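Chemist: Okay, sequence plus prediction incoming.
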Amino acid sequence: MSAAATPPLLAATGLVAGFGTQTVLHGVDLAAAPNQVTGIFGLNGAGKSVLLKVVAGLVPTRAGTILLGEQEIHRLTPEQRVERGMAHVPQGRQMFRSLTVEENLRVGAHVLRRRNRAAYAEQLERVCSLFPILTERRRQPAGTLSGGQQAMLAVARALISQPRIVLIDEPSAGLAPAVVEELLESLLAIRAQGTTMLLVEQNIRFGLRLADRAALLQQGRVVYSGDTGSLDAERLASYLGVGRLLHDDLATGLGRSRRERVPQPRHGRVRP
């Protein structure tokens with residue numbers, strides 16, 4: 001089967017969701033291809049984080065369906081979605097601040113530990129190899145880590161469960177530029193291993209360097225869905241409504257994203 005014919009790992013169709021009388025998502029369609037990163041971009045209030053929370057099961061759908069593989073999951077609880085291979089890195093990281101780094105990772109691996117305790121130790125070593133600082137800080141309370149270290153711990157905590165897909169919400173938020181670059185290099189390495197990711201990111205340059213495909217949201221509606229290689233700075237600025245001021249920055253981000261494209265393995269999620 002050709003890459004173009006490969007069915008999506010995650011497919012959402014006609015999603016409608018909101019809070020109280022407010023509707024935030026208006027019939028959103030979204031697909032995440034296996035072994036790729038799909039980025040969700042838009043201005044503040046476009047519905048990006050709400051969309052990710054709907055996929056994770058934290059916000060209920062009013063209409064629409066979500067498939068993970070061939071299985072409907074939109075009626076499942078967040079815990080049941082985790083059982084079926086979904087991991088979520090929430091906005092703000094949401095560490096267990098009083099627990100150590102390793103204890104936070106153990107919480108993330110609770111499904112894996114229940115199924116195969118022998119695999120846990122090896123998986124712990126693998127995720128720590130992606131973020132060496134976590135090995136150094138293994139016995140340190142998570143609340144004492146820097147913002148960048150907490151971001152890395154949040155991603156590692158998701159990866160340790162051997163998920164089929166990882167949902168990541170605003171990983172670069174609040175981080176210094178040098179730390180953002182370090183986090184990006186780690187996520188690029190994870191992508192190169194074939195990990196499927198659904199990424200929400202306000203930092204467009206960061207997101208474009210990581211994403212293979214993009215979904216652009218405006219007021220809860222998808223206005224573009226396709227390969228990032230099909231985007232140009234003029235079109236992206238127009239879709240996002242940011243005008244000419246960001247034109248050069250967007251062009252730089254697109255150029256770097258294309259240079260950093262690497263072949264995606266057909267298999268190879270972080271696993272024992």
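Modeler: Yep, that arrived.
Chemist: Now residue 194: which helix or strand?
Modeler: If you go by DSSP states H and E, residue 194 is not part of any helix or strand.
Chemist: mind listing the helices for the stretch 101-250 of the chain?
Modeler: Along the stretch 101-250 of the chain, the stretches classed as helices by DSSP state H, counting those that start in this stretch are 101-108, 110-115, 117-130, 132-136, 147-159, 177-192, 204-210, 233-240, 247-259.
Chemist: which residues does the spatially most central residue of the chain bridge with?
Modeler: Central residue of the chain (C-alpha atoms, centre = their mean): residue 168, 2.8 Å from the mean position. Counting by DSSP bridges, residue 168 forms beta bridges with residue 89, residue 199.
Chemist: I'd guessed it sits against residue 195; true?
Modeler: No. Under the criterion of C-beta atoms under 8 Å, residue 168 is not in contact with residue 195, lying 10.4 Å apart. Where C-beta positions appear, they are placed from N, C-alpha and C, glycine not excepted.
Chemist: what's the pLDDT at the residue nearest to the centre of the chain?
Modeler: Residue 168 carries a pLDDT value of 96.
Chemist: Let me see the contact set for it.
Modeler: 89, 155, 158, 197, 198, 199, 200 (C-beta atoms under 8 Å, 6 or more residues apart in numbering).
Chemist: any chance of these in a markdown table, with pLDDT, distance to residue 126 and neighbour count too?
Modeler: Formatted as a markdown table, the contacts of residue 168 follow (pLDDT from 0 to 100; distance: C-beta to C-beta, whole Å; neighbours: other C-beta atoms under 10 Å):
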| residue | pLDDT | distance to residue 126 | neighbour count |
| --- | --- | --- | --- |
| 89 | 94 | 17 | 27 |
| 155 | 93 | 13 | 26 |
| 158 | 92 | 13 | 23 |
| 197 | 97 | 17 | 26 |
| 198 | 97 | 22 | 28 |
| 199 | 97 | 21 | 26 |
| 200 | 96 | 25 | 27 |
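Chemist: And these, which is closest to residue 122?
Modeler: Residue 122 has its nearest neighbour among the contacts of residue 168 in residue 158, at 17.3 Å by C-beta to C-beta.
Chemist: just checking, the closest one touches residue 108?
Modeler: Yes. Using C-beta under 8 Å, residue 158 makes contact with residue 108 at a distance of 6.3 Å.
Chemist: residues shared between the contacts of those two?
Modeler: By C-beta under 8 Å, 6+ apart, the residues touching both residue 158 and residue 108 are residue 87.
Chemist: Now the contacts of residue 168 in CSV, please, with extra columns for distance to residue 34.
Modeler: Formatted as CSV, those follow (distance: C-beta to C-beta, whole Å):
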residue, distance to residue 34
89, 19
155, 19
158, 17
197, 11
198, 12
199, 15
200, 19
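Chemist: Residue 72: which of the residues you listed is nearest?
Modeler: Among the contacts of residue 168, residue 198 lies closest to residue 72 (C-beta to C-beta), at 17.4 Å.
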